[in-house]
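Visitor: okay, here's the prediction I keep looking at, along with the sequence it came from:
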There are 2 protein chains.
Amino acid sequence: MLLVVFLPSFWYNFLMKERDTNTGFKPIAPRKIYQYILEQFVHLVSTGALQPGDKIPSERELAESFAVSRPSVREALRVLEIIGLIDIQPGGGAYLKEMELGPFISVVAPLLFSREQFDIELLELRELIEIRAIELLPAKMSQEALEPLALAITEMRRALQEDDTEAGALADIEFHRSLLLASESFILQKVLELIVSLFEHAVRGGRSLVLEKHEDAAQLLADHEGIYQALLDNNYALAKTLLASHLQMVKVLHAQDSAK
Amino acid sequence: MLLVVFLPSFWYNFLMKERDTNTGFKPIAPRKIYQYILEQFVHLVSTGALQPGDKIPSERELAESFAVSRPSVREALRVLEIIGLIDIQPGGGAYLKEMELGPFISVVAPLLFSREQFDIELLELRELIEIRAIELLPAKMSQEALEPLALAITEMRRALQEDDTEAGALADIEFHRSLLLASESFILQKVLELIVSLFEHAVRGGRSLVLEKHEDAAQLLADHEGIYQALLDNNYALAKTLLASHLQMVKVLHAQDSAK
DNA sequence: CCTGTCAACTGGTATTACCAGTTATATAAG
DNA sequence: CTTATATAACTGGTAATACCAGTTGACAGG
C-alpha cells in the first residue's frame, strides 16, 4: 500500500476521475455563453421561425435581448458566419441564408491539402458520389430537370470557342452540380458541394485540378454531351457508364498533370 | 428604353454588378483581422510547424505578438475551436489536436435533421462509404489491422450479455470505424467520422438510429463476426456481400422503427 | 428632379476591468 | 526533510465602454 503514496498527481487525478464515474458522477463541462446563443439561433432556424433572407437584429439589440455583452453575441455570430449560415455586411447587418459550406471549407482546405494523396482521394470520392447520384435519377427524372445540364453544356461550348479557360472550368463544375441537384438527395448534394468547394480552393492554391489544355477541355465537353444525350434517351445505364469513364479520364489526366 | 426606369432595384443592382465585372473591376471584400490570424495558424499547422499536442500561447501573448487586441485573437480561437483544431481549457490553456469534425457537427446537426428523409439518406451515404472502404482493403490489409475489429466484437459480445445498450452501440460504431481506418483512405475516414458524429447527435436528439432490442443487437453482432471471419480468410468478396446485407438490414430496421 | 451633405445607424476593433478557474511556487506544519 | 496548505501568478470567460469606418436614408439645396 505504500506505493499509493508515491503516485504522481496525474495518476491520482486519473484514479479520482475513474472513481467518480464509477459512483455515477459525470464530469461537468461548463458551457459558454456563446453556445447558448448559438443553440437558440439554430433552433429558430431548424424550426423555420427564421427563414433565409431574414435580417438578424443588430449586435447591440441581441446583446440586450439575451442580457449578455456584445462580445458574447459576436462570438456566436462569428460561428454562424463560419458555418455559412449568415452573411455579415460591415455597416449593413447580418442576414440569414441557406447553409453553405464554403466559408468553413475555406478555413479547413489548407489543412486537408497538406495531406499526401489528398487530391486523388478527393477525385475518387467525387466518383463515388456522382455515380451514386446517377443511380438515383431514374425514379424521378423530369425533362425540366435536364435543362440546367443543357445550359452548362452550351456555356462550356462557348467558353471553349473563346478559349476562356476559367469560364470553361466553371461550366464544367456547373454541369456536375446540376447532375447532383437532379438526384434530389440532399446529403449527396451537400457532399458534392463540399468537394466542389475543395476543388475551387485547390485551384486557388495553385494546384491543377482543373484542366487547361484545349484538347482536354474538348474531350470533357464531348463527354458531357454524351451523358446528356443518354439521359434524354432515358438510357440511364449508358449514362452511368459514360459518367464512370468520364471521371476515370479526369483522374488519369490529373495523374499525368501531377507527374510532370 | 423607358422600361429601364422601372427596373426593380434588384435587377438594377444585378446589372450594375455585371457592368462592373465587364469593365474589369472586381468587388473589394475587406478582410477582417481574425481572418489574418486564422490564416497564420492554419499555415503553421499545415506546414507542420505546429504539431498536435502543442500548447498555444495565451490570448494575451498572442494579442501582443500579432499587435492586435484580445477580442480579435479570441474570435480566431473561437473559429479554431469550432473546426475542432484546438481544445480550450478555461483556466488552463489552448492545445492543438488532430482535426476533429465533432464540434462543427454538434452545431450543424439540428439544421440537418430538420430535413425530411435525412436519416435515411445518411444511412445510404454510410452504406456507400463503407462498401467503398472494403473495396479498398485487399491491397494493403495486414493481420494487425484486424485487431481493433476483434476488440470491438468482444466488447459488443460483453455488452450484449450484460444488456448494456449504450456500450453495445458504442462497440457497434467502433467496429465500423475500425473498418474504415483499415482502408487507409484519409478522406473516407473523415466522411465516416462525420456520419458517426451525426449518428451520435441523432441519438441525443431522441431519434432511434441505434437499435435497442436484444435480438436485433444479437443479429448485429453475428453480422460483425461473419464479416470479421471473411476478412481473416482473405475472402474480400464475401466480406463485401456480408457488409452490404448487414447495412441493408440496418436500414430496414430503422425504417420499421420510424414507422411505429 | 437630381444631387450632395449630414446624421443615425451598422459592424470591426481596441481598451480596460473583473471573475473564476488552474497551476506552481513558497511557506508553514508535521 | 517531507508533506500539506496557502498564496500568488497565471489562464480563459465575460462585461462595459469607446471609437472608427462603412452603410443607409432623409433632408436641404441646386
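Guide: Structure received. These figures come from a predicted structure and were not determined experimentally.
Visitor: buried residues, stretch A:87-94. List them.
Guide: A:Asp87, A:Ala94 (16 or more other C-beta atoms under 10 Å in any protein chain shown). (Glycine included, C-beta is placed from N, CA and C.)
Visitor: how about stretch A:143-151?
Guide: A:Ala145, A:Leu146, A:Pro148, A:Leu149.
Visitor: can you give me the neighbour number for the closest residue to the first one other than its chain neighbours?
Guide: Setting aside the residues directly before and after it, A:Ala145 is nearest to A:Ala182 in space (C-beta to C-beta, 6 or more residues apart in numbering or on different chains), at 4.4 Å. Residues within reach of A:Ala182, counting by other C-beta atoms under 10 Å in any protein chain shown, total 22.
Visitor: cool, A:Glu98 as well?
Guide: The tally of other residues near A:Glu98 (other C-beta under 10 Å) stands at 9.
Visitor: what helix or strand is the nearest residue to it once chain neighbours are set aside located in?
Guide: Of all residues beyond its chain neighbours, the one nearest A:Glu98 is A:Pro52 (4.9 Å), with distances taken as C-beta to C-beta, 6+ apart. Following DSSP states H and E, there is no helix or strand that holds A:Pro52.
Visitor: ok so, going back, lowest-confidence entry in the buried residues of stretch A:143-151?
Guide: Least confident of the buried residues of stretch A:143-151 in the model: A:Ala145, at 78.
Visitor: please, which helix or strand holds the residue lying closest to A:Val250 once chain neighbours are set aside?
Guide: In this structure, A:Val250 finds its nearest non-sequential neighbour in A:Leu123, 6.6 Å apart by C-beta to C-beta, 6+ apart. In the assignment (DSSP H and E), A:Leu123 maps to helix A:118-136.
Visitor: try A:Lys251
Guide: Here A:Lys251, judged by DSSP H and E, is contained in helix A:236-259.
Visitor: in that helix, what's buried?
Guide: For helix A:236-259, the neighbour count (16+ other C-beta under 10 Å) marks A:Ala239, A:Lys240, A:Thr241, A:Leu242, A:Leu243, A:His246, A:Leu247, A:Val250, A:Lys251, A:Leu253, A:His254, A:Asp257 as buried.
Visitor: packing partners for it?
Guide: Applying 3 or more C-beta pairs under 8 Å, 6 or more residues apart in numbering or on different chains; DSSP states H and E, one finds that helix A:236-259 contacts helix A:118-136, helix A:214-232.
Visitor: what distance do you get for A:Ile37 to chain B?
Guide: Plainly put, A:Ile37 is 12 Å away from chain B if you go by C-beta to the nearest C-beta, to the nearest Å.
Visitor: hang on, the residue nearest to A:Ala145 packs against A:Leu137?
Guide: Yes: assessed by C-beta atoms under 8 Å, A:Ala182 is found in contact with A:Leu137 at 6.1 Å.
Visitor: tell me the residues of chain A that contact DNA strand D?
Guide: Neighbours of DNA strand D within chain A, by C-beta under 7 Å from any atom of the strand: A:5, A:32-34, A:68-72, A:75, A:89-92.
Visitor: can we see that at 10 Å?
Guide: A:2, A:5-6, A:30-37, A:59-60, A:63-64, A:66-76, A:89-93 (C-beta under 10 Å from any atom of the strand).
Visitor: just the buried ones among these, please.
Guide: Buried subset of the residues of chain A next to DNA strand D (neighbour count, 16+ other C-beta under 10 Å): A:Lys32, A:Tyr34, A:Gln35, A:Ile37, A:Glu59, A:Ala63, A:Val68, A:Ser72, A:Val73, A:Arg74, A:Glu75, A:Ala76.
Visitor: which non-adjacent residue is nearest the residue most central in space within chain A?
Guide: Residue closest to the average C-alpha location in chain A (C-alpha atoms, centre = their mean): A:Leu194, at 2.0 Å. Leaving aside its sequence neighbours, A:Leu194 sits nearest to A:Leu101 (C-beta to C-beta, 6+ apart; 5.1 Å).
Visitor: likewise A:Leu181?
Guide: Nearest to A:Leu181 is A:Gln189, by C-beta to C-beta, 6+ apart, at 6.3 Å.
Visitor: that older thread, where's the residue nearest to the centre of chain A, which helix or strand?
Guide: Short version: A:Leu194 belongs to helix A:186-204, going by DSSP H and E.
Visitor: what's in contact with that helix?
Guide: A:100-102, A:105-106, A:109-110, A:112-113, A:119, A:122, A:125-126, A:129-130, A:132-133, A:136, A:169, A:173, A:176-177, A:180-181, A:183, A:209-210, B:112, B:115, B:117-118, B:121-122, B:124-125, B:191 (C-beta atoms under 8 Å, 6 or more residues apart in numbering or on different chains).
Visitor: now with 7 Å?
Guide: Contacts to helix A:186-204, defined as C-beta atoms under 7 Å, 6 or more residues apart in numbering or on different chains, come from residues A:101-102, A:105-106, A:109, A:112-113, A:119, A:122, A:125-126, A:129, A:132-133, A:173, A:177, A:180-181, A:209-210, B:115, B:118, B:121-122, B:125.
Visitor: now that helix: buried residues?
Guide: Going by neighbour count (16+ other C-beta under 10 Å), the buried part of helix A:186-204 is A:187-202.
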